[in-house]
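In: Everything below, folded, please.
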Amino acid sequence: HPNEAFLAIYLNTKNEVVDYETIHEGTLDRAIIYPRRVVEAALSRHAAALVLVHNHPSGHADPSTEDVEVTGAIARAAAALDIRVLDHLVVARDGYLSFMEKGLMPES
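Out: All right, here's what the predicted structure looks like:
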């Protein structure tokens, strides 16, 4: 994808996919994500959990400061409503990065 795209995958209590959507498509180097919008979308789908995914068109999967901050904000907003954020994947030409595997997921 030539622009940065941010997606959410919505899961039920058995971690089965119930839906997914593109939350935002940004410019080449920035996507603006509103945690409330992500959590409202999860609630409307009766999701128990979600996985966040976005790409880095730059080609490197290392998360930016903004990536870490938005993940924390979404996880906190979701946790307040008993929705778990299981992981945030950053996909790029050089591979991918899992926040969970790297210990970057905030405590909920």
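
In: Could you give the backbone dihedrals for L43?
Out: Backbone geometry at L43, expressed as degrees, to the nearest 10, gives phi -60, psi -40.

In: Give me the nearest residue to the most centrally placed residue in the chain, chain neighbours excluded.
Out: Closest to where the C-alpha atoms of the chain average out (C-alpha atoms, centre = their mean) is L52, at 2.1 Å. In space, and not counting its chain neighbours, L52 is closest to H88: 4.1 Å by C-beta to C-beta, 6 or more residues apart in numbering. (Glycine included, C-beta is placed from N, CA and C.)

In: Check N15 too.
Out: Using C-beta to C-beta, 6+ apart, the closest residue to N15 is A49 (6.5 Å).

In: List the neighbours of stretch 42-54 that are in contact with it.
Out: 4-13, 15, 18-19, 31, 38, 67, 71, 74, 78, 81-91 (C-beta atoms under 8 Å, 6 or more residues apart in numbering).

In: Check which residues of that stretch are buried.
Out: Of all the residues in stretch 42-54, those buried under the rule 16 or more other C-beta atoms under 10 Å are 42, 45, 47-54.

In: Likewise for stretch 63-76?
Out: 63, 67, 70-75.
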